[in-house]
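Visitor: just the structure for this:
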Amino acid sequence: MKTLLKVQASLFGANSQSSQLADRFINAWLGKNPGGRVITRDLSAENVPHLTAERFQALVSKPEERTSAQQSVLNYSDELIAELNDADAIVLAVPTYNFSVPSTLRAYFDHIARAGVTFRYTANGPEGLINGKQAYVFITRGGFLPAASDTQTAYLQQFLGFIGITDVQFVHAEGLAINEETREKSLNTARHTIAKWAPEALAA
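Guide: Model (predicted):
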């Protein structure tokens, strides 16, 4: 049974445009993967903790020196990483907040980027350890960003590649807050992109 992990980062959860685009893709994925399992990690509802010095120390402490509070932090990180490892495909629903990704998504990344677990340092540079996954990223924006100002796409591609996920596809829907006509045109373009993705890619 194939598994898909959906990580949604909008303040509006499943009602957000990024999540709705992601769900449209997920429905297509389920159509190509009968019996497939979908796990949803809602970062806004969960209120994922931001990294602090105490939480970072918990992630790097030796097992014999770890307190119960630190073990709880590690267990949370292990849970997030286990979801990634178990998934065949990862879907990220990402709105644009102040020219960047939501801080909760960065906090999520902070808890899964662990040396020796999801990546390792080598003489030739870092090497990702979460391999063989496909990622689909749905980015929504109220306005339009010129390519030179689009830090989100580069950041997400770099981070996912850092932990070993290099097969990444992006869908952008921009201008959603300008007016109804622009909003629907952009969303329809995004929907068309989802619809035309090869069935083989969805089933892979």
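
Visitor: which SS class is Ile130?
Guide: coil (DSSP: H, G, I helix; E, B strand; the rest coil).

Visitor: give me every residue that touches it.
Guide: Counting by Cβ atoms under 8 Å, 6 or more residues apart in numbering, Ile130 touches Leu84, Asn85, Thr118, Ile163, Gly164, Ile165. The C-beta positions use only the backbone N, C-alpha and C, and glycine is treated the same way.

Visitor: residue furthest from the geometric center of this protein?
Guide: Centroid-distance maximum for the chain: Glu64 at 32.5 Å, with Cα atoms, centre = their mean.

Visitor: so it versus Gln71, what's the distance?
Guide: Distance of Glu64 to Gln71, computed by Cβ to Cβ, to the nearest Å: 11 Å.

Visitor: bridged to the nearest residue in space to Gln17 that is not next to it in sequence, which residues?
Guide: Closest residue to Gln17 apart from its sequence neighbours, by Cβ to Cβ, 6 or more residues apart in numbering: Thr140 at 4.6 Å. Beta-bridge pairing of Thr140 under DSSP bridges involves Pro95, Ala173.

Visitor: what's the burial count for Thr140?
Guide: Using other Cβ atoms under 10 Å, Thr140 has 26 other residues around it.

Visitor: would you confirm that it contacts Phe12?
Guide: No. Using Cβ atoms under 8 Å, Thr140 makes no contact with Phe12, being 10.6 Å away.
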